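K.L.:
From the sequence below, what's the structure:
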Amino acid sequence: MKNTQFLLAKRPVGTPTRDNWEQVESDIPELGPNQVLVKIAYISLDPAMRGWMNDGKSYIAPVKIGEVMRASTVGEVISSTSPDYREGDYVFGHGGVQQFAVSDAKDLHKIDISIAPLERYLGVLGMPGMTAYFGLLNTGQPKEGETVVVSGAAGAVGTVVGQIAKLNGCTVIGIAGGKDKCQYLVDELGFDGAIDYKSENVKKALKTLCPEGVDVYFDNVGGEILDDVLTQIRMHARIVICGAISQYNNTASVKGPSNYLSLLVNRARMEGIVVFDNVKHYGEAAEQMAKWIAEGKLKAKEHVVKGIEHFPETLLMLFNGENTGKLVLKVDNE
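P.N.:
All right, here's what the predicted structure looks like:
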């Protein structure tokens, strides 16, 4: 039995291409003490993966040249030397872009597929859901009656941010690319309004949809949209910096906000978040969101692409705005 893997071959300049990875077939290593062999079923594709390919200081070490590309995964235990895991268990881990992964038992978490489909543990019940939950509630601190704006609103994090904000009694405006995505936000997820940045003037639309200004801005894209929102914030606004997907493939320097003095004028706060800071509390967040899903208060959507061999092209869907909901790669073609 061979293991298909995608190794980082060279660091990208601008947008990654297939040449940045090497697809290899390798043997599956023997298990050491307290280790688990997982057959990976689904691989999470996230904007953060682009940053992990760069050789620079960040919140986590970069992927090394020749290493399996880092990614969150879910799958089934097929062999174990750990007393805590047995064959047939389903687990979440960071197995990377490959068919099989050997992991230390301490790095895995059991998941219950009777509660939700396996792939959902990479979305609402996985890292994107945790990012939305803690980023909005702990850092954004929305209050009932406030106006919350989220960019990248039709993506894995943005869809959850908006729905949780609604559950907290806020007016929610999403910024997304394309008519269909905007319609999905309003008609399916209950957003109060949506702005199509591809066809609308974002600043003008914000003035119309948020006449009293923006209390919380959850930013997934950075760039010009962050600059536009900063002109519309209210006194004591909170700006949550989750990502800057519009900037990740730049070949020049990252474009920062020129309207940052609005933070001073409005005594506002801009704060970055990293989901891993909340790992001790993942369980309680997952329990709450699973409850909301069961009650029909929180909707989840996965955008599944089949075939690990399509990994390089599928990852780029994130930067082209082609996915609605959580982008997941199904390892098998079935």
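K.L.:
so what's Asp215 up against?
P.N.:
By Cβ atoms under 8 Å, 6 or more residues apart in numbering, the contact list for Asp215 reads 142-143, 146-148, 170, 233-234, 237-238. All C-beta spots, glycine's among them, are computed from the backbone N, C-alpha and C.
K.L.:
go on, Ser258?
P.N.:
By Cβ under 8 Å, 6+ apart, Ser258 lies in contact with Asp227.
K.L.:
so is it in a helix, a strand, or just coil?
P.N.:
With DSSP: H, G, I helix; E, B strand; the rest coil as the basis, Ser258 sits in coil.
K.L.:
hang on, the earlier thing: from the contacts of Asp215, which land in strands?
P.N.:
Taking DSSP state E as the definition of strands, the contacts of Asp215 contribute 147-148, 233-234, 237-238.
K.L.:
Break this protein down into its structural domains.
P.N.:
Domains of the chain are assigned by automatic domain parsing as 2-123+301-330, 127-276.
K.L.:
So which of the ones you listed is the most surrounded?
P.N.:
The densest packing among these, expressed as mean neighbour count by mean count of other Cβ atoms under 10 Å, is seen in domain 127-276 with a mean of 20.
K.L.:
Could you export stretch 243-257 as PDB, CA atoms only?
P.N.:
Listed in PDB are the C-alpha atoms of stretch 243-257, where the atom choice follows Å, rounded to 0.1, in the frame of the first residue of the first chain:
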ATOM      1  CA  GLY A 243      -6.900  37.400   7.500                       C
ATOM      2  CA  ALA A 244      -6.000  39.300   4.400                       C
ATOM      3  CA  ILE A 245      -6.600  37.000   1.500                       C
ATOM      4  CA  SER A 246      -6.500  39.900  -1.000                       C
ATOM      5  CA  GLN A 247      -2.800  40.300  -0.100                       C
ATOM      6  CA  TYR A 248      -1.500  36.800   0.200                       C
ATOM      7  CA  ASN A 249      -0.300  36.400  -3.300                       C
ATOM      8  CA  ASN A 250       1.200  39.900  -3.700                       C
ATOM      9  CA  THR A 251       4.600  40.100  -5.300                       C
ATOM     10  CA  ALA A 252       5.100  43.600  -3.900                       C
ATOM     11  CA  SER A 253       4.700  44.700  -0.300                       C
ATOM     12  CA  VAL A 254       1.400  44.200   1.500                       C
ATOM     13  CA  LYS A 255      -0.900  47.100   1.200                       C
ATOM     14  CA  GLY A 256      -1.800  48.400   4.700                       C
ATOM     15  CA  PRO A 257      -4.700  50.700   5.700                       C
END
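K.L.:
about what we covered before: for my notes, please list the domains of the chain in CSV and give distance to Ile293 and mean pLDDT for each entry.
P.N.:
Shown next, in CSV, are these (distance: least, Cβ to Cβ, whole Å; pLDDT from 0 to 100):
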stretch, distance to Ile293, mean pLDDT
domain 2-123+301-330, 7, 94
domain 127-276, 10, 95
